[in-house]
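Visitor: curious how this folds, go ahead:
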Amino acid sequence: MVNRNLIRLCLMAGLVLTISMASAAVALQAQVVNVQLSDKQYVSQKWDNTRGLPVNTVFNVLKDETGCLWAVTEEGLVRFDGVNFRLYNQDSVPEIVSPMFYDMKRSSDGGIWAANANMIVHAKNSRIQVYDARSQVEGTWITSISEDHEGLVWAGTNNGDLFTLKEGEIQKAAGWSEFKNGGILTIEKVSDGILIGTQAGLYKKSRGEAGFSEVSGFTGLEIRTLTEGADGDLWVGTRTRGILHLHDGSVTEINEESGLKSNMINALRLTEDGQVWVGLGMGGVQVITDDE
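Guide: Have a look, this model is predicted:
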């Protein structure tokens, strides 16, 4: 079983972890957030292409229900059980044409959904299912993926197209064309629907509703990552504005002026004790805590 703290670190910084990380204190109700560094220490372990990984570029990692760690890389989908690495790509799974994987999310059955460049891949334990999307994504590639509350799988592409997978059939998402505006960078299931982050804004499909809507306050922003807290708060990572924290209808901006090392946010993860782990475009990892 992989250590829980180690998994949290991996989620924020790939599989290369720093020995010392920054902690931060944030007053969430204030409009100006002051981030202060501390000397909190963590144990470090490192895996790279000399110790089992096929390549050192890792786009995302997560843990499945068995405790195994999965990674999406330029050379395939990787499963790590704490001792051994197993690589799934065109060499081990003939249905996979391209080795490029960009994103993945947990599936409702305890496995994962992975976004290959031109395939949608479901993995559980050692079983791999491949859904061919080459005809749908010709000229572009799949960048993001998520499963909603009804079991429908959503996949977004680099040119802004949005597809669904249901009962083995891949189709363009109905009603999305009027909202298409830049590449899709992230898709996240939230408590009342799904959120779609693009290069030019944030969009939502609410549960039980047929259409999409634009989320106000994010127009024109490149939304790189987002996550929802247990309290319903939304944390949104942007390319140029740092983190936007949506709480009770108001937005607090956490940025370089507040103490972040970079306004480019690549990853956000929330812990059970309320910490926000922030993977930065430059500057490594910072941790934000509610200091109230």
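Visitor: okay, now Tyr89: neighbour count?
Guide: Careful, residue 89 is Asn; it's not Tyr. 20 (other C-beta atoms under 10 Å). Heads up, the C-betas are built off the backbone N, CA and C, glycines and all.
Visitor: show me what contacts it?
Guide: Neighbouring residues of Asn89 by C-beta atoms under 8 Å, 6 or more residues apart in numbering: Pro54, Glu75, Gly76, Leu77, Ile96, Pro99.
Visitor: ranking those by neighbours, who comes first?
Guide: Most surrounded of these: other C-beta under 10 Å gives Leu77, at 26 neighbours.
Visitor: what sits closest to it if chain neighbours are left out?
Guide: Tyr88 (4.3 Å; C-beta to C-beta, 6 or more residues apart in numbering).
Visitor: you'd agree that neighbour is up against Val72?
Guide: No. Counting by C-beta atoms under 8 Å, Tyr88 does not reach Val72; the two are 10.3 Å apart.
Visitor: so what sits against both of these two?
Guide: Common neighbours of Tyr88 and Val72 (C-beta under 8 Å, 6+ apart) are Val78.
Visitor: could you identify the helix or strand that succeeds the host helix or strand of Thr143?
Guide: Using DSSP states H and E, the element containing Thr143 is strand 142-147. Using DSSP H and E, the helix or strand that follows strand 142-147 towards the C-terminus is strand 153-157.
Visitor: I'd like the average pLDDT over the next helix or strand after that following strand.
Guide: Past strand 153-157, further along toward the C-terminus, the next helix or strand under DSSP H and E is strand 162-166. Mean pLDDT, strand 162-166: 98.
Visitor: count of neighbours near the closest residue to Gly197 other than its chain neighbours?
Guide: Ranked by C-beta to C-beta, 6+ apart and with sequence neighbours excluded, the top spatial neighbour of Gly197 is Ile223, at 3.0 Å. Residues within reach of Ile223, counting by other C-beta under 10 Å, total 28.
Visitor: any idea what Ile223 is bridged to?
Guide: Under the criterion DSSP bridges, Ile223 forms beta bridges with Thr238.
Visitor: the chain should start at 211 in everything you say after this.
Guide: Sure, I'll start counting at 211 from here, so that last one is Ile433.
Visitor: correct me if wrong: it contacts Leu444.
Guide: No. Using C-beta under 8 Å, Ile433 makes no contact with Leu444, being 10.9 Å away.
Visitor: so what sits against both of the two?
Guide: Common neighbours of Ile433 and Leu444 (C-beta under 8 Å, 6+ apart) do not exist.
Visitor: how about stretch 452-469: buried residues?
Guide: Along stretch 452-469, these residues count as buried under the neighbour rule (16 or more other C-beta atoms under 10 Å): Gly452, Ile453, Leu454, His455, Leu456, Thr462, Glu463, Ile464, Asn465, Ser468, Gly469.
Visitor: surely the fifth one touches Leu444?
Guide: Yes. The criterion here is C-beta under 8 Å, and Leu456 meets it with Leu444 at 4.0 Å.
Visitor: helix or strand next in line after the helix or strand of the chain with the lowest mean pLDDT, which one?
Guide: Ranked by mean pLDDT, DSSP states H and E, the weakest helix or strand in the chain is strand 232-236, scoring a mean of 31. Tracing the chain C-terminally past strand 232-236 and defining elements by DSSP H and E, one meets strand 268-273 next.
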